[in-house]
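Enquirer: sharing a model that was predicted from the sequence below.
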Amino acid sequence: MSNIEQTLSIIKPDAVERNLVEEIKNIFIKKELNIKESKKIQITKDEAAEFYKVHQSKPFYNDLCSYLSSGPIVVMILEGEDAIITNRKLMGATNPKEAEDNTIRKLYGISIDKNSVHGSDSIINAKKEIEFFFKN
Ligand code: IDP
Ligand code: MG
């Protein structure tokens, strides 16, 4: 049975800065993750803190929020078959050094913090994250 889902993807500042937006979008499109919405924005540190609230107890939280708000990002709604897990597989492991060949983070990630992309990790978080950026 088909299971069409939506998920939130973010192209992070390191990748936008290196002009990788179109290359990364093509990876999604080729795997039949349709880009339903896309916008280039810059968020404040407070907004990043809200978005990454789930990580507030982590030692890297402050740096993570500074980083996500440090430059333009591209936020997208991806839609397709099993979009949440499909996107996570395309992204690869959080640490680019541990990411599988041909994943976005292996191809483009610089470090565990500058790892080029974000992707929702569950149905509930996908819904929350899409609402955060697209349903004010
Ligand atoms: P994910 O992006 O693969 O879902 P999470 O564990 O949800 O990984 O962490 C969110 C983001 O926080 C990561 O994408 C990465 O940018 C950053 N991060 C995760 N772990 C570390 C760390 O140990 N040091 C620095 N940054 C980290
Ligand atoms: Mg995560």
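Expert: That came through fine. Ligands and ions are numbered 1, 2, ... in the order given.
Enquirer: enumerate the residues of this protein near ligand 1.
Expert: H55, F60, L64, T94, I112, D113, N115, H118, D121 (Cβ under 6 Å from any ligand atom). (Each C-beta comes from the backbone N, C-alpha and C, glycine too.)
Enquirer: how far away is the first one from T103?
Expert: In this view, H55 and T103 are 21 Å apart by Cβ to Cβ, to the nearest Å.
Enquirer: please identify which of those two sits among more neighbours.
Expert: T103 (20 against 13; other Cβ atoms under 10 Å).
Enquirer: can you report phi and psi for that one?
Expert: phi -80, psi 160 (degrees, to the nearest 10).
Enquirer: equivalent analysis for T7, please.
Expert: phi -140, psi 160.
Enquirer: so where do the strands sit in the protein?
Expert: 4-11, 34-41, 73-81, 117-119 (DSSP state E).
Enquirer: not counting its own residues, what contacts the last one?
Expert: By that I understand strand 117-119. Applying Cβ atoms under 8 Å, 6 or more residues apart in numbering, the set of residues contacting strand 117-119 from outside is 7-12, 15, 24, 84, 87-88, 91, 104-105.
Enquirer: now that strand: average pLDDT?
Expert: Mean per-residue pLDDT for strand 117-119: 98.
Enquirer: sheet partners, orientation included, of it?
Expert: According to DSSP bridges, strand 117-119 forms sheet pairs with strand 4-11 (antiparallel).
Enquirer: so how far is the partner strand from its chain's centroid?
Expert: Relative to its chain's centre, strand 4-11 lies at 8 Å (Cα atoms, centre = their mean, to the nearest Å).
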